[in-house]
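Q: Need coordinates for the below:
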Amino acid sequence: MTTLAIPGQWMSAANTGRHKLMLNLYMLIVIGHWAEHIAQAIQVYVLGWPLPEARGVLGIPFPWLVTSEWMHYGYALLMLIGLIVLRHGMVGRARTWWNISLGIQVWHHLEHLLLLLQALTGNNLLGRPVPTSLIQLLVPRLELHLFYNALVFVPMVVAVYFHLRPNAAERAAMGCSCAAPMKA
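A: Predicted structure coming up:
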């Protein structure tokens, strides 16, 4: 049995010796997702495409990606899991900002769960013709997802900045090697 087979040991490794790798992979996924949302916004607001045709980059060859509540929910869940797992490697100011991002993602995840449940049951919120989240009652879905992703992303980036550039006390408390070398 490998040392990563036990969940507790896997979590420990993800936040110590493998934290830098896990954080980099996570941020790559997050930035890729952001790129999809930005591409879709450009397609609508710059290129003037109708919303049903504005499917981001991956949605052009795979249109079902944009309409699949399972895919959207899966990504929201992946984001939530990543924030929870990698949280244990954050200390000090980085932990504070990471927690802010996590709290916002909990709500974002619940909104996607509500959308998925509507898609699965066919019972849409307030009799709407399509699955609708709570905040979507006030803000259109494209704009809402840009907003949610910004709300989660900005404190996450601040957390990563502080994680990579810790003060002396934070550096001493870190269990990983993510911090930039100290200046001489």
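Q: C-alpha only now, for contacts and for neighbours.
A: Will do.
Q: What lies in contact with stretch 170-181?
A: Among residues not part of stretch 170-181, those counted as contacts by C-alpha atoms under 8 Å, 6 or more residues apart in numbering are 15-20, 89-92, 163-166.
Q: So which bits of that stretch are buried?
A: By neighbour count, and taking 16 or more other C-alpha atoms under 10 Å as the criterion, the buried residues in stretch 170-181 are 170-171, 174-176, 178-179.
Q: got CSV for the residues you listed, with secondary structure too?
A: Output for these, formatted as CSV (DSSP: H, G, I helix; E, B strand; the rest coil):
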residue, secondary structure
Glu170, helix
Arg171, helix
Met174, coil
Gly175, coil
Cys176, coil
Cys178, coil
Ala179, coil
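Q: and the gap between Glu36 and Asn15?
A: As judged by C-alpha to C-alpha, to the nearest Å, Glu36 and Asn15 stand 28 Å apart.
Q: Who has more neighbours out of the two?
A: For Glu36 and Asn15, the more surrounded residue by other C-alpha atoms under 10 Å is Asn15, and the numbers stand at 24 against 16.
Q: And the pLDDT at that one?
A: As predicted, Asn15 sits at a pLDDT of 76.
Q: my guess is it meets Ile84, correct?
A: No. Between Asn15 and Ile84 there is no contact, the gap being 10.8 Å when judged by C-alpha atoms under 8 Å.
Q: Which residue is the nearest non-sequential neighbour of Leu77?
A: Leaving aside its chain neighbours, Leu77 sits nearest to His109 (6.3 Å; criterion: C-alpha to C-alpha, 6 or more residues apart in numbering).
Q: residues in contact with the one you found?
A: Contact analysis of His109 by C-alpha under 8 Å, 6+ apart lists 73, 76-77, 80.
Q: okay, now Val157: neighbour count?
A: Applying the criterion other C-alpha under 10 Å, we find 16 residues in the vicinity of Val157.
Q: Kindly spell out which helices and strands sit in contact with the helix or strand harbouring it.
A: Val157 is located in helix 141-164, with elements delineated by DSSP states H and E. Contacts of helix 141-164 with other secondary structure elements, assessed using 3 or more C-alpha pairs under 8 Å, 6 or more residues apart in numbering; DSSP states H and E, are made with helix 19-45, helix 92-121.
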